[in-house]
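1. How does the following fold in three dimensions:
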Amino acid sequence: MADDMHAVTMPKLGESVTEGTVSRWLKAVGDTVAFDDPLYEVSTDKVDSEVSSPFDGVLLEVLVAEGDTVPVGTELARIGPAGAASAGAPVAAPAQAVAEVAAPAPAAPAAVPAGTAPAGAHVLTMPKLGESVTEGTISQWLKAVGDTVAFDDPLYEVSTDKVDSEVPSPYDGVLLEILVAAGETVEVGAELARIGAEGHGPATPAEGTRPAAAEGTRSPTAAGPPAAANGQQSILLSPVVRRLAVEHGIDLAGVTGSGANGRIMREDIEAMIAQAIPASGLAATAAPAVARTVTALPKSAEPAAPGVTRVLGPRDQAEPLSRLRLTIAARMTESLRISPHVWTSIEVDLEAVERVRQRHKERFRRAEGISLTYLGFIARATCDALRTFPELNSSVDMATKQRILHHYVNLAIAVDLSGQGLVAPVIRDADTLNLRGLARAIRVAADKATSRKLTPDDLEGSTFTITNPGALGDYTAAPIINQPNVAILAAPMVSRRPTVVGDAIAIHHMTILGLSYDHRAFDGVLASRFLAYIRDALQDRDWEGELA
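-> Numbers count the residues shown, from 1 in each chain. As a prediction, this is how the structure comes out:
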């Protein structure tokens with residue numbers, strides 16, 4: 001194949017997916033295609049996906065017809081510059097040669113210029129791990145240069161602002177070269193490493209630079225820092241860094257970057273956002289939103305947070321905050337700044353639910369393979385309440401002065417990652433599921449989270465969130481709202497307590513549901529009615545009928 005021609009291959013659209021069917025080509029031979037343009041539709045036994053072009057250029061040749069089913073890694077088409085001749089007869093790539101790893105659409109690989117990579121070497125690029133993800137951080141390499149790697153062997157861990165993922169190798173061979181060190185953040189499509197046959201030498205780009213990307217692809221770094229608009233030198237900024245800086249009015253000229261060669265990282269901006277927000281997040285929401293300029297001080301001159309000393313004693317230990325913890329810190333602080341939080345709660349008698357659980361829990365476990373927990377009942381009642389009170393299933397857009405009501409329930413369930421942080425996978429259209437279906441969906445979401453198999457798309461699009469600290473013995477809780485939701489429900493501990501039943505006192509299974517809500521979206525009376533609806537549903541509904 002000519003050096004200026006790129007092969008488009010069947011992506012791997014899931015861990016157990018080995019083949020796919022080209023449902024429809026969205027471009028014809030001769031059409032001009034741009035990076036990320038919809039190129040074709042592919043169907044597997046798991047999912048139907050629209051796949052975007054990983055290159056700029058012209059569609060020179062289609063090698064797999066609509067309706068054909070081919071193995072993962074098979075060459076589907078070729079893209080090159082206008083006027084280039086096609087490469088000839090179709091040649092199917094081996095199943096090991098997967099162009100994309102664990103992503104719903106191919107990433108934008110940085111093409112290797114002629115002479116920079118050994119013949120037969122494969123270029124690994126930063127995969128696109130979600131629709132809105134533009135960059136990723138290499139957390140650690142699981143193989144070293146010179147190691148033999150097999151197709152689907154764990155190769156490296158990548159972290160984004162959405163999810164941490166372990167990425168398998170798309171090829172068999174030897175890891176010839178690592179181009180991005182652990183801890184570096186690069187854009188989607190950046191070259192990460194090269195894999196080839198044993199004995200091939202690594203690429204030898206000019207000292208101090210990386211190979212330049214071929215025309216029509218995107219390069220991760222430049223040989224030297226580009227000139228900034230104000231005449232100063234600046235390091236390449238990722239789209240996420242630019243967006244955060246614009247949203248929060250941060251002057252990047254004064255930011256000291258912690259990345260390679262002084263590059264400004266997402267963590268640098270998030271730390272500045274957290275420092276700039278007053279200690280009382282609720283008080284900050286009373287003031288109108290105004291643009292502000294934050295100038296970072298040199299590392300040695302940064303002021304300590306009020307009441308916190310940075311002097312370590314002999315029994316103190318400092319450890320860096322993980323990317324996940326920094327992301328949680330920034331988002332929770334930002335949520336407090338955005339939404340005027342109010343908290344209310346209600347006591348619920350779950351004795352009727354407990355009796356149903358006891359009657360059905362063994363049969364439910366045999367049928368579903370999971371426990372019949374209180375959370376399934378609470379989620380079911382909550383979904384019905386959200387349909388009855390759509391104001392709580394909404395989001396607020398202050399820029400347009402609108403409240404957007406969502407006529408569907410995408411329910412996020414907070415999951416603890418063994419103390420390392422919280423994620424909230426989303427159950428889409430949860431209001432269409434019965435008790436059994438919701439319990440099953442909650443377990444699937446929790447298992448994906450704890451096994452680190454969530455994709456960024458699993459964490460996006462929520463309209464309401466439930467957090468469930470009850471297993472840890474919490475009496476009640478006032479959680480921070482998961483933006484852009486306007487409310488979050490806490491389902492704490494269920495315990496046997498005395499309560500008044502008629503004219504007698506009985507020992508029942510009781511809990512206190514807590515609701516944090518955004519006072520911009522609605523008032524306390526609606527929040528109280530919402531909680532009362534959930535309470536009455538849990539206490540009075542015929543749950544037996546849902547499980548029969």
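
2. Tell me, please, the helix or strand in this structure that averages the lowest pLDDT.
-> Across the helices and strands of the chain, mean confidence by mean pLDDT, DSSP states H and E is lowest for helix 281-284: a mean of 32.

3. Quick one: distance of the helix or strand that it is followed by to the chain centre.
-> Per DSSP states H and E, the first helix or strand lying C-terminal to helix 281-284 is helix 323-338. Centroid separation between helix 323-338 and its chain, computed with Cα atoms, centre = their mean, to the nearest Å, is 15 Å.

4. List the buried residues for helix 323-338?
-> For helix 323-338, a neighbour-count test (16 or more other Cβ atoms under 10 Å) marks 323-324, 326-338 as buried. From N, CA and C alone the C-beta is placed, and that goes for glycine too.

5. Taking those together, which two end up most distant?
-> 323 and 338 (22.1 Å; Cβ to Cβ).

6. hang on, isn't residue 51 packed against residue 40?
-> Yes: applying Cβ atoms under 8 Å as the test, residue 51 and residue 40 come out as touching, 5.6 Å apart.

7. so where do the strands sit in the stretch 301-450 of the chain?
-> Using DSSP state E, counting those that start in this stretch, the strands of the stretch 301-450 of the chain run over residues 341-349, 394-397, 402-405, 411-413, 415-416, 422-423, 426-427.

8. Quick check: neighbours of the fourth one in the sheet, parallel or antiparallel?
-> Counting by DSSP bridges, the strands paired with strand 411-413 are strand 426-427 (antiparallel), strand 464-467 (parallel).

9. again, but for the longest one
-> When pairing is defined by DSSP bridges, strand 341-349 lines up against strand 504-518 (antiparallel).

10. same question, the fifth one
-> Next to strand 415-416 in the sheet, as set by DSSP bridges, lie strand 422-423 (antiparallel).

11. likewise the third one?
-> Based on DSSP bridges, the strands next to strand 402-405 in the sheet, each with its direction, are strand 394-397 (antiparallel).

12. buried stuff in the partner strand?
-> Buried-residue list, strand 394-397, by 16+ other Cβ under 10 Å: 394, 395, 396.

13. Same question for stretch 517-528.
-> Buried residues in stretch 517-528 (16+ other Cβ under 10 Å): 517, 518, 521, 522, 527.

14. Can I take it that the last one is in a helix?
-> In this case it means residue 527. Yes: assigned with DSSP: H, G, I helix; E, B strand; the rest coil, residue 527 falls within a helix.

15. How about the contacts made by it?
-> 342, 344, 392, 487, 515, 517 (Cβ atoms under 8 Å, 6 or more residues apart in numbering).

16. Contact partners for the closest residue to the fourth one other than its chain neighbours?
-> Translated: residue 487. Among residues not flanking residue 487 along the chain, residue 517 sits closest, at 4.1 Å (Cβ to Cβ, 6 or more residues apart in numbering). By Cβ under 8 Å, 6+ apart, the residues touching residue 517 are 341, 342, 343, 344, 392, 481, 486, 487, 488, 527.

17. Serialize those to TSV and add fields for distance to residue 272 and pLDDT.
-> Listed next are the contacts of residue 517 as TSV, based on distance: Cβ to Cβ, whole Å; pLDDT from 0 to 100:
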residue	distance to residue 272	pLDDT
341	23	97
342	29	97
343	29	97
344	34	97
392	33	98
481	22	97
486	27	98
487	29	98
488	26	98
527	34	97
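
18. Could you pull up phi and psi at residue 190?
-> Main-chain torsions, residue 190, degrees, to the nearest 10: phi -70, psi 140.

19. er, residue 321 I mean
-> The phi/psi pair for residue 321 (degrees, to the nearest 10) reads phi -70, psi 140.

20. Please name the nearest non-neighbouring residue to it.
-> Closest to residue 321 by Cβ to Cβ, 6+ apart is residue 329, at 7.3 Å.

21. again with residue 62
-> Nearest one to residue 62, counting by Cβ to Cβ, 6+ apart, is residue 77 at 5.0 Å.

22. give me the beta-bridge partners of the one you found?
-> Bridge pairing for residue 77 - DSSP bridges - gives residue 8, residue 62.

23. what about it, distance to residue 35?
-> Separation of residue 77 from residue 35 (Cβ to Cβ, to the nearest Å) stands at 15 Å.

24. okay, these two: which has more neighbours?
-> Neighbours per residue (other Cβ atoms under 10 Å) separate residue 77 from residue 35, with residue 77 holding more: 23 against 15.

25. I figured the more buried one hits residue 63, correct?
-> Yes: taking Cβ under 8 Å as the definition, residue 77 is a contact partner of residue 63 at 5.9 Å.

26. Tell me which helix or strand residue 175 sits in.
-> Per DSSP H and E: strand 173-178 holds residue 175.

27. Show me what that strand is packed against.
-> strand 148-149, strand 191-196 (3 or more Cβ pairs under 8 Å, 6 or more residues apart in numbering; DSSP states H and E).

28. repeat that with 10 Å
-> strand 122-125, strand 135-141, strand 148-149, strand 154-159, strand 191-196 (3 or more Cβ pairs under 10 Å, 6 or more residues apart in numbering; DSSP states H and E).

29. out of the ones you listed, which comes closest to residue 388?
-> For these, proximity to residue 388 was assessed by Cβ to Cβ; strand 154-159 is nearest, at 39.7 Å.

30. What pairs with that closest one, parallel or antiparallel?
-> Counting by DSSP bridges, strand 154-159 is paired with strand 135-141 (antiparallel), strand 164-168 (antiparallel).

31. how close does the residue nearest to residue 416 when sequence neighbours are not counted get to residue 465?
-> Nearest residue to residue 416, sequence neighbours excluded (Cβ to Cβ, 6+ apart): residue 422, at 5.9 Å. Using Cβ to Cβ, residue 422 is found at 10 Å from residue 465.

32. the more surrounded of those two?
-> residue 465 (22 against 16).

33. Report pLDDT for residue 447.
-> At residue 447, the pLDDT value in this model is 92.

34. ok, now residue 378?
-> Reported pLDDT for residue 378: 97.

35. ok, for it, nearest residue in space, not its chain neighbours?
-> residue 491 (5.0 Å).

36. I'd guessed the one you found sits against residue 472; true?
-> No: with contacts counted by Cβ atoms under 10 Å, residue 491 stays clear of residue 472, the gap being 11.7 Å.
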